[in-house]
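Student: Model the structure of this input:
(3 chains)
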Amino acid sequence: MTVWRVAFVLAALLILAGMAVSIDLQPRSFIILATTTSARDSGLLDYLVPYFQPDTGIGVRYTAVGTGQALDLGSRGDADVVLVHAPSAELAFMAAGQGLCRSPVMMNQFVVVGPNQSDPAGILGLTNATIAFERIRTTHSPFISRGDNSGTNIIEKTIWSWVGYTPSTTNDTWYKESGQGMAATLDIASQLVAYTLSDDGTFLVHSANLDLRIDVQHDPALRNFYSVIPVNPSVHPSIFVAGALRFAKWLTSERGQSLIGNYTAGGVRPFQPDGQDLCP
Amino acid sequence: MSAAPLSLEGIHKSFGTKPVLRGLDAEVQAGEIFSIVGPSGAGKTTALRLLDLLDSPDAGRITFHGKSYPIRSPESLAQRRRMVLVMQNPTVFRATAFENVAYGLWLRGVPDAELRGRVFAGLDFVGLLEAAKESAEKLSGGEQQRIAFARAAVLNPEILLLDEFTANLDPFNVRLLEQSILRYRHETGCTVVIVTHNLFQAKRLADRVALLLDGRFVEVAPAADFFEHPVRPETRAFLSGEMAY
Amino acid sequence: MTDFSEILQIVGLSILVSGTSTLIGSVVGVPLGVLVALRKFRGRNFVRTVAFTFYGFPPVLAGLLVFLILSRGGPLGFLGFLFTPIGMILAQSVIVMPIVMGITISAMMTVEKRLHDTSLALGANERQWRTTALHDARVGVFTAVMVGFGRAISEVGTVLIVGGNIRGQTRVLTTAIVLEISQAHYLEATIFGIILFVIAFAVFAFLQRLQAKGVV
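Tutor: Residues are numbered from 1 along each chain as shown, chains lettered A, B, ... in the order given. Reported below is the predicted structural model:
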């Protein structure tokens, strides 16, 4: 039964190795950030983290999930700090006492994008998404929805409610749901020569590979605000609150704000700094 | 130690509601070849499994030199190790011929040097010395059964139980195995119980023959009497082939 | 997008996590499978059915379960294993264990049918018989371990939920593929996919060589 003894020793060694890579015996030197896929997919976080780390000596491990799950990870105490863009859900999170403080960080905007070569709904150059959606509906132009209850999907539904019409995949052949993330949805829209709603950051980062262009932008109703919220340590004692606060303050500091403002993707600056330090 | 090495007293055994053995009585004498014959389904294999203490009877006693052993007791393991049952179909372990023959010795903790000597002697006995290092599964059916016999023989059992041990084999291997049995009994004086449906085989090997019919021994007699002067009408019918098996 | 050292780190973590969970799953699953196959006890058939059912246990569900257990609010939250390789190993072990156990049970039952009486007739006690059966079923048990590893390394549901796909920490090949696809980086996704395939192929080829050489 030497085989089993060897297997046991190997297992023990591998487990120890696993622990070695995942456990820091000292008080944690990194924060766990729960954020939305758009912050990752736009490339912003991979750009910011390498500045934050040397500035503060604190590492960042971020997991990018849906807005709802990001806030949930915070309210479970699994994340130290969240960076999201869903004002109403954020307010509920704060009201439940889950957040320590909430600081605005930046904004971008949602844009309606459509095929490069054609514009069947005739919406190019509009600055009102509601009118654009109305035209898409009346012309039955193909439209791809995220269909995943993400922040973007919720905004899209809100616009349809302003139109006064709820499209459904069963009744409207021109309306399709991708059920996937923003980048994948943009790719699908490009392939199917369709319109879709996107945040401008993700679109600009990926635009080189897409046969799409921005048709509608600068609609004040479509501004998208990001906030940073350190999780409340009195609810979750295991939170690395010093690191979380440091991250929130750094993002809203002059340094963080100028980095955000200077972030360039696809030749444009998708995020507009809008920071204000509201944390103690 | 005056009692017979193996005796059955009123053995009953049923599977579910179906009675298989309905009162077996017999005494097997030391050093004899005792053959149980009978049609298929008469309960021959069941009887042999009971004799090897692999299963326990519903009623009755199996004694060895007058002592009985409750199944699964440490004493029954010790008694089980004083005998060997060779099954009908050759079942070899997924290992070399050598390792197969060494199996029982290994179970008994026989020291390595002695084990090697006995295994090679056993392989030689059945004419498979050259096959020692070969994978037992790759041998022919006859060779596998010879391995199975050697595997049993190297244990120097007091009692050897053989269940249709030449069924489905070619004449060459049947002859070789039968000669091995006779030679082995001659050399060791071991007691042998052979279950077979082959009357010619019983005639060639047995000292005494028992006919098992419907769960009972209808006639137990020395081989010569059994085949030449059967007493019971059932035996005469069976011998004359009127009873299909 | 992803440089070479990062790819190496992702590959290394994939092998570490899947390998360790396969080992844990096997060290637990094989003996359990042997016992369930060979020991006679009440409810044995039920346990077998459960083990076979877990063959088709959706990894995402296992991931969710382990997530809820390891989450700060969960019973083992104090360990802080969520979003760490250890958490991923635990989650994958939950998936691997029943697979290894189930295939082991099948292999052992075949052997039991064939050899149980033979082994006992040659003088084995219950313990010796179990050892014999395990030895005779080694090819089947080996297959069980291989299938377990194959499932672990190609699995994405649990490592995504429990690991969080954190760059440099818990990103493995499968979650990297999912990420690249979600960003429509199909070329990168394909490259990761090929790496995954090559690893699986190399591991299986190596194990098959061992088997052919008669090591197992």
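
Student: List the neighbouring strands of the helix or strand hosting B:Glu9 plus their orientation.
Tutor: B:Glu9 belongs to strand B:6-15 when assigned by DSSP states H and E. Strand B:6-15 has the following strand partners under DSSP bridges: strand B:18-28 (antiparallel), strand B:59-63 (antiparallel).

Student: I'd say A:Val65 and A:Ala34 touch.
Tutor: Yes - counting by CB atoms under 8 Å, A:Ala34 is a contact partner of A:Val65 at 6.5 Å. Using the backbone N, CA and C atoms, a C-beta is placed for each residue, glycine as well.

Student: and A:Gln109, that's in a strand?
Tutor: Yes - applying DSSP: H, G, I helix; E, B strand; the rest coil, one finds A:Gln109 inside a strand.

Student: what number of residues lie near it?
Tutor: 20 (other CB atoms under 10 Å in any protein chain shown).

Student: ditto for B:Ser240
Tutor: Residues near B:Ser240, counting by other CB under 10 Å: 9.

Student: can you tell me how far it sits from chain C?
Tutor: 34 Å (CB to the nearest CB, to the nearest Å).

Student: could the strands paired with strand B:6-15 be laid out in TSV, adding mean neighbour count and mean pLDDT?
Tutor: Formatted as TSV, the strands paired with strand B:6-15 follow (neighbours: other CB atoms under 10 Å in any protein chain shown; pLDDT from 0 to 100):
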stretch	mean neighbour count	mean pLDDT
strand B:18-28	17	92
strand B:59-63	16	92
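
Student: what about the lengthiest helix in chain C, average pLDDT?
Tutor: Determined from DSSP state H, the single longest helix within chain C is helix C:85-121. Looking at helix C:85-121 alone, the average pLDDT works out to 92.

Student: And stretch B:174-192, by the same measure?
Tutor: 92.

Student: tell me how far it is from the chain's mean position?
Tutor: Here stretch B:174-192 is found 12 Å from its chain centre; the criterion is CA atoms, centre = their mean, to the nearest Å.

Student: That one and chain C, any residue contact?
Tutor: No - using CB under 8 Å from any CB of the partner chain, stretch B:174-192 stays clear of chain C, coming no nearer than 14.7 Å.

Student: Run through the residues that contact B:Gly43.
Tutor: B:Lys13, B:Val20, B:Leu21, B:Leu212, B:Gly215 (CB atoms under 8 Å, 6 or more residues apart in numbering or on different chains).

Student: change it to 10 Å
Tutor: B:11, B:13, B:15, B:19-22, B:24, B:36, B:50, B:195, B:212-216 (CB atoms under 10 Å, 6 or more residues apart in numbering or on different chains).

Student: before we move on, what about C:Gln128?
Tutor: B:Tyr103, B:Trp106, B:Leu107, B:Arg108, C:Ser119, C:Leu120, C:Leu122.

Student: Could you verify that it is part of a helix?
Tutor: Yes - with three-state DSSP as the criterion, C:Gln128 is part of a helix.

Student: quick one, helices of the stretch 1-150 of chain A?
Tutor: A:2-22, A:37-41, A:44-56, A:67-76, A:87-95, A:129-139 (DSSP state H, counting those that start in this stretch).

Student: Can you list the buried residues in the shortest one?
Tutor: Buried positions in helix A:37-41, judged by neighbour count with 16 or more other CB atoms under 10 Å in any protein chain shown: A:Thr37, A:Ser38, A:Ala39, A:Arg40, A:Asp41.

Student: Could you measure from the last one over to A:Phe225?
Tutor: To tie it back to what came earlier, the one meant is A:Asp41. From A:Asp41 over to A:Phe225 the distance is 18 Å, taken as CB to CB, to the nearest Å.

Student: Check the fourth one too.
Tutor: The spacing between A:Arg40 and A:Phe225, counted by CB to CB, is 18 Å.

Student: what's the next secondary structure element after the helix or strand bottoming out on mean pLDDT in chain C?
Tutor: Ranked by mean pLDDT, DSSP states H and E, the weakest helix or strand in chain C is helix C:44-53, scoring a mean of 83. Next in sequence after helix C:44-53, counting helices and strands by DSSP H and E, comes helix C:59-70.

Student: Would you mark the buried spots in that next one?
Tutor: Those would be C:Pro59, C:Ala62, C:Gly63, C:Leu64, C:Leu65, C:Val66, C:Phe67, C:Leu68, C:Ile69, C:Leu70, for helix C:59-70 by 16+ other CB under 10 Å.

Student: Need the nearest residue in space to the most centrally placed residue in chain C, chain neighbours excluded.
Tutor: The centre of chain C sits closest to C:Val96, judged by CA atoms, centre = their mean, with a distance of 2.9 Å. With CB to CB, 6 or more residues apart in numbering or on different chains as the criterion, C:Val96 has its nearest non-adjacent residue at 3.0 Å, and that residue is C:Gly25.

Student: Repeat that for B:Pro222.
Tutor: B:Arg208 (5.3 Å).

Student: ok, back up a step: quick one: what helix or strand has the residue nearest to C:Val96 in it?
Tutor: With DSSP H and E as criterion, C:Gly25 is part of helix C:4-38.

Student: other SSEs contacting that helix?
Tutor: helix A:2-22, helix C:44-53, helix C:85-121, helix C:126-136, helix C:138-153, helix C:157-163, helix C:173-182, helix C:186-212 (3 or more CB pairs under 10 Å, 6 or more residues apart in numbering or on different chains; DSSP states H and E).

Student: Would you point to the one among these that's packed deepest?
Tutor: helix C:157-163 (a mean of 27; mean count of other CB atoms under 10 Å in any protein chain shown).

Student: With just CA atoms, put that one into CSV.
Tutor: What follows is helix C:157-163, C-alpha atoms only, in CSV (Å, rounded to 0.1, in the frame of the first residue of the first chain):
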residue,chain,number,x,y,z
GLY,C,157,-18.4,26.7,-12.7
THR,C,158,-17.0,26.2,-9.2
VAL,C,159,-13.6,27.9,-9.7
LEU,C,160,-15.4,30.9,-11.1
ILE,C,161,-17.8,31.3,-8.2
VAL,C,162,-15.5,30.3,-5.4
GLY,C,163,-12.2,31.6,-6.9
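
Student: quick one: that helix near chain A?
Tutor: Yes - with CB under 10 Å from any CB of the partner chain as the criterion, chain A is reached by helix C:157-163 at C:Leu160, C:Ile161, C:Gly163.

Student: now for that helix, which elements pack on it?
Tutor: Against helix C:157-163 (3+ CB pairs under 10 Å, 6+ apart) you get strand A:59-65, helix C:4-38, helix C:59-70, helix C:85-121, helix C:138-153, helix C:173-182.

Student: Direction included, what does the first one pair against?
Tutor: Strands adjacent to strand A:59-65 in the sheet, as given by DSSP bridges, are strand A:30-36 (parallel).

Student: Now do the strand it pairs with, average pLDDT.
Tutor: Rounded mean pLDDT across strand A:30-36 is 93.

Student: likewise stretch A:98-115?
Tutor: Here the average pLDDT along stretch A:98-115 is 94.

Student: And for stretch A:260-267?
Tutor: 88.

Student: same deal with stretch B:42-49?
Tutor: 89.

Student: Likewise for stretch A:221-230?
Tutor: 92.

Student: Restrict that stretch to CA atoms and write it as PDB.
Tutor: Taking Å, rounded to 0.1, in the frame of the first residue of the first chain, the C-alpha atoms of stretch A:221-230 are listed here in PDB:
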ATOM      1  CA  ALA A 221     -30.300  60.800 -18.800                       C
ATOM      2  CA  LEU A 222     -27.700  58.300 -19.800                       C
ATOM      3  CA  ARG A 223     -24.900  59.400 -17.500                       C
ATOM      4  CA  ASN A 224     -23.500  56.500 -15.500                       C
ATOM      5  CA  PHE A 225     -22.100  57.300 -12.000                       C
ATOM      6  CA  TYR A 226     -19.500  55.000 -10.300                       C
ATOM      7  CA  SER A 227     -19.200  55.000  -6.500                       C
ATOM      8  CA  VAL A 228     -16.700  53.400  -4.200                       C
ATOM      9  CA  ILE A 229     -18.100  51.900  -0.900                       C
ATOM     10  CA  PRO A 230     -15.900  50.400   1.800                       C
END
